[in-house]
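Need a 3D model of the sequence below.
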Amino acid sequence: MKLNLRTKLVISFVVVVLISGLVATFVGIHLIGRRIVEQAQDDVRMDLNSAREVYQNRLDDMRLVLAFTVVRDSVKDALRSKDPESLVDLLTEVRSEGKMDILTIVDSDGRVVARSRDLGVFGDSQSEDEVVHRALSEREVVAGTTIVPREELINEGEDLVEQAFMRIIPTPQAKPKPESHQSSGMMLKVAAPVFDDGNGALLGVLCAGQLLNRNYEIVDKVKDILYKGQKYKGKDIGTATIFQEDLRISTNVMNDDGSRAIGTRVSEAVYDRVLIKGGSWIARAFVVNDWYISAYEPIRDVAGSVIGILYVGLLEQKFTDMQRDTTLSFLGVTFAGIVLVLAVSYVLADSITRPVRRLSSAAEEIADGNLSYRVEIDSADEIGELGRTFNLMVDSLKERDQQLRAYTEQQLLRSERLASLGRLAAGVAHEINNPLTGVLTFGHLLLRKCGGDDPRREALETIVDQTSRCKQIVRGLLDFARQTEPNKVRADVKSVLEESLRLTENQALVQNVEVVKKLNHHLPDVMLDKGQIQQVFVNILVNAIDAMPDGGTLTIATNSARAGDFVKVEFADTGCGIAPDDIGKVFDPFFTTKDASKGTGLGLAVSYGIVARHSGNIEVQSRVEKGSTFTVNLPVEELS
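Below you'll find the predicted structure:
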């Protein structure tokens, strides 16, 4: 479909505004969206720090209660006498005031002296418990989180066994797990050593614990402190959870039916990052039935092993809705701007295209040959300047048209003269060649008749040498003037090069030139005239050998060049080199740096013409007294 300039300008204005507007919109949306997510992640990271403090404060509260309890004389007396009945009231009172689930006292060997919950169960060993063991061995208060097996919970009371028992509920995106339930519990535990006032001997350890399974004190406190009951579209905006391994044992994340999501599990991605690798997770994560901007960190026991996870999260839907609203606002502004630009651009485009249409009509007149036509100028802006320039162009065209006619006539005359000169040079060379052959023949016959002491012999030798030189010049002139088209056949450049080397190897040996070959054996075949290309190689080889009269190294390399479009043959000698002023003349006819007796100056000129007729080129690089490098590039044509 053909569009006029006005339509194109309108479309261009709209496209520019549309592209810039959309780019600005999407960049703005991306930056704002990223900033919203980053801010949410920063918030949830700080929330996790606060949750950790709440969690740690509960341990510190228990530590403080035990610190006051272990200094009581009644505790020390009971440990000395190992009388559990004397501790009943004290342990029960302390456990109730400290809101603890267990309070147990053990002797210096780690054996239970008394339990606050069940006085009938004592005498069993707690020395394998890590918290108790450390308190006994390090003789200081030890606090931490630990996993309590079902057998120990049975000793403390059946209600704790029931509190700890949980059925594992299948959870979307959770790691597959064969178990259907969990009977052990996770507990905050503090153990404080009890010392004899008299001799400072260790009498035993007072051990307290709070079972976290189905205990919502910590997570609800975190939620109240951080989120203050805020909701978004009927959902809590923030949640907190304590995991035993990957199982939710204390949480205010809710199921769809409004119950706490106890027994559900963490997603597999978080499982791998936190439980397996021991790292933190600050990113979006799927939590039971919705996406949250979440923060997870491992809960470790006193030995440093990861046994659970502490989590806080912000409902992602609030932030995605903010991003959506921002996107719609940006897009609305962009499209409103496009409508406005569409109206303005139509008016501007029309004001621009009117003078352009006049220029178009003028151009048609010029195309029809009316070089006297001129554009009327009625403005001083760029369009007016364009009109003035157009008129100047027409004047220049008229002048150059006249000059071109004169120049073309001169070039035709010159071409005819050059063609006549070429024919004359070829004819003269043919005419001179026959007499020179006769002179050379008779010169050799006379030399045979002259003895070694004949005074005429020296003059005859001079005649023969100079006649031979003239014949070589004539032969070169014929080659240069002939311009024979190559008879191309499919050929291997390496084979042609090897044959050329055999023709010049004796000369190289005589002049003590070492020939080094670096030939690529996997070059493609090339369409070429073997005889002409061999002539090129021989000319370059002879010139290279002549450039090293005292010996040297001639390195010959073949390879592919320009992505395999050309076969490159490189001749690098260590000879006398070529002066910088002479580099541009080496391919000129009759130019040579050799002695007059050794060259006519036509070899490289003929070689250049041969390679050019093969659609290739010859390159030369040289440094005086360092050597020269001639590179022949032959195109790899489509082989027929």
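
Let me see the domain layout of the chain.
The record, using automatic domain parsing to delimit domains, assigns the chain the ranges 402-482, 484-635.

Tell me which of those sits most buried.
For the domains of the chain, the largest average neighbour count (mean count of other C-beta atoms under 10 Å) is found in domain 484-635, namely a mean of 17. Using the backbone N, CA and C atoms, a C-beta is placed for each residue, glycine as well.

just the helices in the protein please.
Secondary structure of the chain (DSSP state H): helices at 5-69, 73-81, 88-97, 130-138, 150-156, 158-164, 217-227, 268-270, 316-367, 382-449, 457-482, 493-510, 530-546, 603-613.

For residue 175, which of those helices is the nearest?
Closest of the helices of the chain to residue 175 is helix 268-270, at 4.2 Å (criterion: C-beta to C-beta).

Residues contacting stretch 625-638, please?
Surrounding stretch 625-638, the residues in contact under the criterion C-beta atoms under 8 Å, 6 or more residues apart in numbering are 493, 524, 526-528, 533, 536-537, 540, 543-544, 547, 552, 561, 564-578, 611, 614-622.

do that again at 6 Å, thanks
With contact meaning C-beta atoms under 6 Å, 6 or more residues apart in numbering, stretch 625-638 is reached by 524, 526-527, 540, 565-575, 577-578, 614-622.

Strands - which of those residues land there?
By the criterion of DSSP state E, membership of these in strands covers 526-527, 566-573, 617-622.

among those residues, which two are most distant?
Every pair of the ones in strands among the contacts of stretch 625-638 checked by C-beta to C-beta; the farthest is 527 and 622, at 30.2 Å.

Distance from the chain centre to stretch 308-323, please.
Average the C-alpha atoms of stretch 308-323, do the same for its chain, and the two points are 33 Å apart (C-alpha atoms, centre = their mean, to the nearest Å).

what mean pLDDT would you report for that stretch?
When pLDDT is averaged along stretch 308-323, the result is 89.

before we move on, back to that, out of the domains of the chain, which is closest to residue 32?
Distances from residue 32 to each of the domains of the chain were compared by C-beta to C-beta, and the smallest falls on domain 484-635, at 47.4 Å.

got any ranges where the stretch 251-400 of the chain has weak pLDDT?
Across the stretch 251-400 of the chain, residues meeting the criterion (pLDDT under 70) sit at 351, 354, 371, 375, 377-383.

quick one: the strands in the stretch 151-300 of the chain?
Secondary structure of the stretch 151-300 of the chain (DSSP state E, counting those that start in this stretch): strands at 166-167, 181-182, 185-195, 202-211, 231-232, 235-236, 238-244, 247-251, 281-287, 290-300.

Could you save the domains of the chain as JSON lines and add columns showing distance to residue 41?
As requested, the domains of the chain are exported to JSON lines (distance: least, C-beta to C-beta, whole Å):
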{"stretch": "domain 402-482", "distance to residue 41": "73"}
{"stretch": "domain 484-635", "distance to residue 41": "50"}
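
can the helices of the chain go into TSV with extra columns for distance to residue 175?
Supplementary listing: those in TSV, determined by distance: least, C-beta to C-beta, whole Å:
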stretch	distance to residue 175
helix 5-69	22
helix 73-81	46
helix 88-97	37
helix 130-138	26
helix 150-156	23
helix 158-164	22
helix 217-227	22
helix 268-270	4
helix 316-367	22
helix 382-449	70
helix 457-482	86
helix 493-510	65
helix 530-546	73
helix 603-613	72
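
Ok, which of those comes nearest residue 240?
helix 217-227 (4.1 Å).

helices and strands around the closest one, which ones?
In this structure, helix 217-227 packs against helix 5-69, strand 238-244, with contacts taken as 3 or more C-beta pairs under 6 Å, 6 or more residues apart in numbering; DSSP states H and E.

Return the most buried member of these.
On a mean-neighbour basis (criterion: mean count of other C-beta under 10 Å), the most buried of the helices and strands packed on helix 217-227 is strand 238-244, at a mean of 26.

Next, the angle from that one to helix 217-227.
Counting by axes from the mean of the first three to the mean of the last three C-alpha atoms, to 10 degrees, strand 238-244 points 150 degrees away from the direction of helix 217-227.

in the sheet, who's paired with residue 300?
Using DSSP bridges, the beta-bridge partners of residue 300 come out as residue 306.

That should have said residue 283, apologies.
Using DSSP bridges, the bridge partners assigned to residue 283 are residue 294.

number of nearby residues for it?
Residues near residue 283, counting by other C-beta atoms under 10 Å, number 16.

From residue 37, how far off is it?
Residue 283 is 9 Å from residue 37, where distance means C-beta to C-beta, to the nearest Å.

swap in residue 534?
The gap separating residue 534 from residue 37 is 74 Å, by C-beta to C-beta.

Ok, residue 360 next?
Look at residue 360 and residue 37: by C-beta to C-beta, they are 55 Å apart.

In CSV, list the C-alpha atoms belonging to stretch 517-528.
Extracted as CSV, the C-alpha positions of stretch 517-528 are listed here (Å, rounded to 0.1, in the frame of the first residue of the first chain):
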residue,chain,number,x,y,z
LYS,A,517,57.4,-24.6,2.9
LYS,A,518,54.3,-24.1,5.1
LEU,A,519,51.6,-25.5,2.9
ASN,A,520,48.0,-26.2,3.9
HIS,A,521,47.1,-29.6,2.5
HIS,A,522,43.3,-29.0,2.8
LEU,A,523,42.8,-26.0,0.5
PRO,A,524,39.8,-26.0,-1.9
ASP,A,525,40.4,-26.3,-5.6
VAL,A,526,40.4,-23.1,-7.7
MET,A,527,39.4,-22.4,-11.3
LEU,A,528,42.6,-21.1,-12.9
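
ok, the nearest residue to residue 216 once chain neighbours are set aside - contacts?
Nearest non-adjacent residue to residue 216, counting by C-beta to C-beta, 6 or more residues apart in numbering: residue 250, 5.7 Å away. By C-beta under 6 Å, 6+ apart, residue 250 lies in contact with 212, 215, 216, 219, 242.

Quick check: of those, which lies closest to residue 505?
Among these, residue 242 lies closest to residue 505 (C-beta to C-beta), at 91.3 Å.

Pairing partners for that closest one in the sheet, please.
Taking DSSP bridges, one finds residue 250, residue 310 as the beta-bridge partners of residue 242.

Does it touch residue 212 like I think?
Yes. In this structure residue 242 lies within contact range of residue 212 using C-beta atoms under 6 Å: 5.4 Å.

Quick check: pLDDT value at residue 595.
Note for residue 595: predicted pLDDT of 63.

Tell me how far residue 315 lies from residue 259.
When C-beta to C-beta is applied, the distance between residue 315 and residue 259 equals 18 Å.

quick one: which of those two has more around it?
With other C-beta under 10 Å as the criterion, residue 315 and residue 259 differ in neighbour count, and residue 315 comes out ahead with 23 against 8.

Tell me what the more buried one is bridged to.
Beta-bridge pairing of residue 315 under DSSP bridges involves residue 292.

surely it meets residue 237?
Yes. Look at residue 315 against residue 237 with C-beta under 6 Å: they come within range, at 5.2 Å.

Pull the contacting residues for residue 65.
Taking C-beta under 6 Å, 6+ apart, we find residue 65 in contact with residue 98.
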